[in-house]
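here's a sequence, model it:
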Amino acid sequence: MRIILLGPPGSGKGTQAQLLVERYGIVQLSTGEMLRAAVAAGTPVGLKAKEIMASGALVPDEVVVGIISDRIDQPDARNGFILDGFPRTVPQAEALDELLKRKHLKLDAVIELRVNESALLHRVETRVAQMRERGEEVRLDDTPEVLTKRLANYRNQTEPLIHYYSERRKLSTIDGMMAIDEVTRAIHRQLVALGAIGPKTQATSAAKPGPARKGRANKTAAKKLAKKPAKAAKKLAKSAKKAVKTAAKAAVRGSKKMAKKAGKKAAGKTVKNAAKKSPPKTARKAAKKAAKKVTKKRGKR
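Below is the predicted model:
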């Protein structure tokens, strides 16, 4: 599963990303974290990014795409990933499409968490006021003024992106103002509708049998076990019959010694098979019967 989560600051995007990671066993890919990891690892793309960042310039799209390319090749991303913070613009989205195409992968879904900006601002104002009352330090980037700017930037960058993915029928918009669990359920429904979740994932909960199913399964198993002794007895009878025929053939050829040896060998084999495939009493009874028949035939000849 390969998805993109879109949403302004405060929309709950990070919370939902973590829930998706836990539920579906995929990884969350943040461009910021990937850049730092690539620089620390000293990869060719990471070294290039380090040089650009050292000069104070913004890392160009092709470098970011190169870092994403390296990251999604890692084993933990095989089951899928959530892209967080990328793409932010239509050119980035086009570059991502080209990257996935080269790797013979496809983007399964783009989930937009739409929120009421006024409500978000009110939340931040309330939280900041409460923190100041308690004498707690307020982060510089967690104020209504900063949020207003971030929301404006998001709106300017994302509106064209929403149109881009909507045209490609990848976009699903969900009300991000709902309770966390309601948003999670809505995302799951959309992923199912878009075919982003495979049959195995959907069938996991359905495959767990309830009490009634377990009862029926136990009865069926009991019936099968009851049939086993009967089947084993049939096989035993066939083996005994075969033993008699072998002994008779040997006697006809004029060798009583051969008949005796063949009879013992066949009877011994029958007993071993019976011990494996049927209850002990049945095995002993059938083996004795087979041995008697062999003895009688040998005596007649």
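
okay, strands next: where are they in the protein?
2-6, 27-30, 81-84, 109-114, 171-175 (DSSP state E).

of the ones you listed, which is nearest Thr143?
With CB to CB as the criterion, Thr143 lies closest to strand 109-114 of the strands of the chain, at 21.9 Å. C-beta coordinates here come from the backbone N, C-alpha and C atoms, glycine included.

sheet partners, orientation included, of the closest one?
If you go by DSSP bridges, strand 109-114 pairs up with strand 2-6 (parallel), strand 171-175 (parallel).

for it, which residues meet the burial criterion?
For strand 109-114, burial by neighbour count (16 or more other CB atoms under 10 Å) applies to Ala109, Val110, Ile111, Glu112, Leu113.

give me the residues contacting that strand.
When contacts are defined by CB atoms under 8 Å, 6 or more residues apart in numbering, strand 109-114 is touched by residues 1, 3-7, 11-13, 16, 162, 165, 170-176, 183, 187, 190-191, 194, 196.

over to stretch 84-95?
So stretch 84-95 is in contact with 4-5, 13-14, 17, 28-32, 61-62, 64-65, 68, 96, 157-158, 160-161, 164-165, going by CB under 8 Å, 6+ apart.

repeat that with 6 Å
Identification of contacts with stretch 84-95 by CB atoms under 6 Å, 6 or more residues apart in numbering yields Ala17, Gln28, Ser30, Thr31, Asp61, Val65, Leu96, Gln157, Pro160, Leu161, Tyr164.

could you work out the most separated pair of those?
Using CB to CB, the contacts of stretch 84-95 reach their maximum pairwise distance at Gln28 and Pro160, which is 24.3 Å.

between the two, tell me which one has more neighbours.
Legend: neighbour count by other CB atoms under 10 Å for Gln28 and Pro160, higher for Gln28 (15 against 12).

any stretches of the stretch 51-200 of the chain with poor pLDDT?
By pLDDT under 70, the low-scoring segments of the stretch 51-200 of the chain are 198-200.

which residue ranges of it form helices?
61-72, 90-102, 117-133, 144-167, 180-193, 199-206 (DSSP state H, counting those that start in this stretch).

show me what the longest one is packed up against.
Where contact means 3 or more CB pairs under 6 Å, 6 or more residues apart in numbering; DSSP states H and E, helix 144-167 is packed against helix 90-102, helix 117-133.

dump those into CSV; add distance to Leu83 as well.
What follows is the helices and strands packed on helix 144-167, written out as CSV (distance: least, CB to CB, whole Å):
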stretch, distance to Leu83
helix 90-102, 8
helix 117-133, 22
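
picking up where we left off before, figure out which of the helices of the stretch 51-200 of the chain is closest to Ala41.
Nearest to Ala41, of those and by CB to CB, is helix 61-72 at 9.0 Å.

check which helices and strands that closest one sits against.
So helix 61-72, by 3+ CB pairs under 6 Å, 6+ apart, packs with helix 31-41, helix 44-54, helix 90-102.

the second one vs helix 61-72, what angle?
The reference is to helix 44-54. Per axes from the mean of the first three to the mean of the last three CA atoms, to 10 degrees, the angle that helix 44-54 makes with helix 61-72 is 140 degrees.

buried stuff in helix 44-54?
In helix 44-54, counting by 16+ other CB under 10 Å, buried: Val45, Gly46, Lys48, Ala49, Lys50.

test my guess that the second one contacts Ala37.
If I follow you right, that is Gly46. No - counting by CB atoms under 6 Å, Gly46 does not reach Ala37; the two are 7.7 Å apart.

that older thread, between the helices and strands packed on helix 144-167, which one is closest to Arg150.
Of all the helices and strands packed on helix 144-167, helix 117-133 comes closest under CB to CB, at 10.1 Å.

quick one: list the elements packing against that closest one.
On a contact count with 3+ CB pairs under 6 Å, 6+ apart, helix 117-133 meets helix 144-167.
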